[in-house]
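Undergrad: Quick one, structure for this:
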Amino acid sequence: MPPSSPSDPLPRSPLHAVQRRGTLAFGEVDGWEMPRVFENVKREYLAAKGTVGVMDRSNAGRLRMAGARRLDLLHRITTNDLKGMAPGQGARTALLTDKGRVVDDLRVHAREGDLLVLTSPGNAGEVKARVEALRFRDDVTVEEITSSTAMIALYGPQSGHLLDAAAHAHGKAPLDLHHSVELAIAGRPVLAARTGDVGGAGYNLVVSTADGPAVWEALLQEGGPYGASPLGEEAYEMLRIERGVPRFGREISQEHNPLEIRLDDAISWTKGCYIGQEVVARLDSRRKVSKLLVGLWLEPGPVPEAGSPIEDRAKPGQPVGRLTSVAPSLDFRRVIGLGIVRSELAAPGTVVSVASAEDRVEAVVSDLPFAPPGPS
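TA: Purely as a prediction, here's the structure:
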């Protein structure tokens, strides 16, 4: 999808029209106009943690790779071991620069005849261009299908039950992480892929743009007995930060290598070469990772904006990292954040300062995912 000029309207999901009937607030999310709040942020948040949240993720990028050597190519250039992946299987992997910096965190799903590759929102074009530049003489085609498909995510412990009920396919869920199955919901073909994006059970459902609204409505109609609620951006962001899930444009960028942002499960240490492999292997073997993604419990005070510098409390004015994401947590009743700090300050319990425009706010480093603070 080409970038928009400042005067262009934001692209909208294929589900926009059907969502207008129940959405309290739309807003900009990763360059798209997407639902920020449906009926109630608290209800949406609690559903995704305790029952099931149904979220429009159509702004995520989607690529279709075809050709005899599609899997060999992606195995050769990305961080994980994809060799021999059969239809229905999948994996998380990362595409890096030759300097070992992260271009994107990808989900790869093998199907009969092709691969479905999920990218971060707004990044499908960059991933496509890099893959095409690296294919050499391989018989591989890469097609962006973001605009011809929609994607709906189910998050929460009742996700598998809702998926089985909506597809009338009892026993198909749960799948292994990143594995997929082809189903039908409301008579429309759906690829359902297991995800762990915000913890616990979860599924990404990929459908055609024409079929997306019917599938969305069917999931919410079937979802009553399972406590289903539509899930907007504001509740999702709380869940994402609590789980420590890195996000493109916040934690994921070409400023960082995959070890710094804890993409360890996207890396195979035995597969051999890939783009950026020498840098990553050297950093790991020499324990040279200089920065790490951490959680931050922010003390009461002015809420700093994402991008604010993090400082060593003993050395004010000297940045040692950056606050990348921030949101209130309803469960913890605290403002929490994610940040990337120097490794020597990444131990849980370390006290740092976040320099906001108004003041400095103290923050305590946390393990990820966040857990309730112990007794003081």
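
Undergrad: mind checking the backbone torsions on Ala167?
TA: phi -90, psi 0 (degrees, to the nearest 10).

Undergrad: Next: Ala214.
TA: Main-chain torsions, Ala214, degrees, to the nearest 10: phi -70, psi -40.

Undergrad: which residues touch the closest residue to it other than its chain neighbours?
TA: Nearest residue to Ala214, sequence neighbours excluded (Cβ to Cβ, 6 or more residues apart in numbering): Ala186, at 4.6 Å. From N, CA and C alone the C-beta is placed, and that goes for glycine too. Contacts for Ala186 (Cβ atoms under 8 Å, 6 or more residues apart in numbering) come out as 166, 211, 214-215, 217-218.

Undergrad: could those go into a markdown table alongside distance to Gly301 and pLDDT?
TA: Output for the contacts of Ala186, formatted as a markdown table (distance: Cβ to Cβ, whole Å; pLDDT from 0 to 100):
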| residue | distance to Gly301 | pLDDT |
| --- | --- | --- |
| Ala166 | 45 | 96 |
| Asp211 | 48 | 98 |
| Ala214 | 47 | 98 |
| Val215 | 44 | 98 |
| Glu217 | 44 | 97 |
| Ala218 | 46 | 98 |
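
Undergrad: Got a PyMOL select line for the buried ones in the residues you listed?
TA: Of the contacts of Ala186, the buried ones go into a single PyMOL selection, burial set by 16 or more other Cβ atoms under 10 Å:
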select buried, resi 166+211+215+218
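
Undergrad: The contacts of Ala186: which two are farthest apart?
TA: Maximum pairwise distance in the contacts of Ala186, criterion Cβ to Cβ, is 13.1 Å, between Ala166 and Asp211.

Undergrad: re earlier: kindly present the contacts of Ala186 as JSON lines, with separate columns for distance to Glu234 and secondary structure.
TA: Listed next are the contacts of Ala186 as JSON lines, based on distance: Cβ to Cβ, whole Å; DSSP: H, G, I helix; E, B strand; the rest coil:
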{"residue": "Ala166", "distance to Glu234": "25", "secondary structure": "helix"}
{"residue": "Asp211", "distance to Glu234": "27", "secondary structure": "coil"}
{"residue": "Ala214", "distance to Glu234": "26", "secondary structure": "helix"}
{"residue": "Val215", "distance to Glu234": "23", "secondary structure": "helix"}
{"residue": "Glu217", "distance to Glu234": "22", "secondary structure": "helix"}
{"residue": "Ala218", "distance to Glu234": "25", "secondary structure": "helix"}
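
Undergrad: Identify the residues contacting Gly84.
TA: Leu71.

Undergrad: Would you map the strands across the stretch 101-250 of the chain?
TA: Taking DSSP state E, counting those that start in this stretch as the test, the strands found in the stretch 101-250 of the chain are 102-111, 114-119, 141-144, 149-155, 180-185, 188-194, 202-208, 228-231.

Undergrad: Bridging across strands, which residues link to the residue lying closest to Met85 once chain neighbours are set aside?
TA: Spatially, and ignoring its direct neighbours in sequence, Met85 is nearest to Ala110 (4.7 Å; Cβ to Cβ, 6+ apart). Here Ala110 sits in beta bridges with Leu115, as judged by DSSP bridges.

Undergrad: mind starting the numbering at 54 from now?
TA: OK, 54 is where the count begins now, so the last one is Ala163.

Undergrad: Against Glu196, how distant is Ala163?
TA: Going from Ala163 to Glu196 by Cβ to Cβ, to the nearest Å gives 16 Å.

Undergrad: ditto for Gly137
TA: Separation of Gly137 from Glu196 (Cβ to Cβ): 24 Å.

Undergrad: How about Gln307?
TA: Using Cβ to Cβ, Gln307 is found at 24 Å from Glu196.

Undergrad: Any stretches of the stretch 204-353 of the chain with poor pLDDT?
TA: Scanning the stretch 204-353 of the chain for pLDDT under 70 picks out 224, 226.

Undergrad: Please name the nearest non-neighbouring residue to Glu331.
TA: Once flanking residues are discounted, Glu331 sits nearest to Gly153: 7.8 Å by Cβ to Cβ, 6+ apart.

Undergrad: ok, back up a step: out of the strands of the stretch 154-303 of the chain, which is closest to Phe91?
TA: Of all the strands of the stretch 154-303 of the chain, strand 281-284 comes closest under Cβ to Cβ, at 4.2 Å.

Undergrad: From the chain's centroid, how far away is the closest one?
TA: Chain-centre distance of strand 281-284: 18 Å, with Cα atoms, centre = their mean, to the nearest Å.

Undergrad: What's the per-residue pLDDT of the residue nearest to Glu331 here?
TA: Per-residue confidence (pLDDT) for Gly153: 97.

Undergrad: Would you mark the buried spots in stretch 368-380?
TA: Across stretch 368-380, burial judged by 16+ other Cβ under 10 Å covers 373-380.
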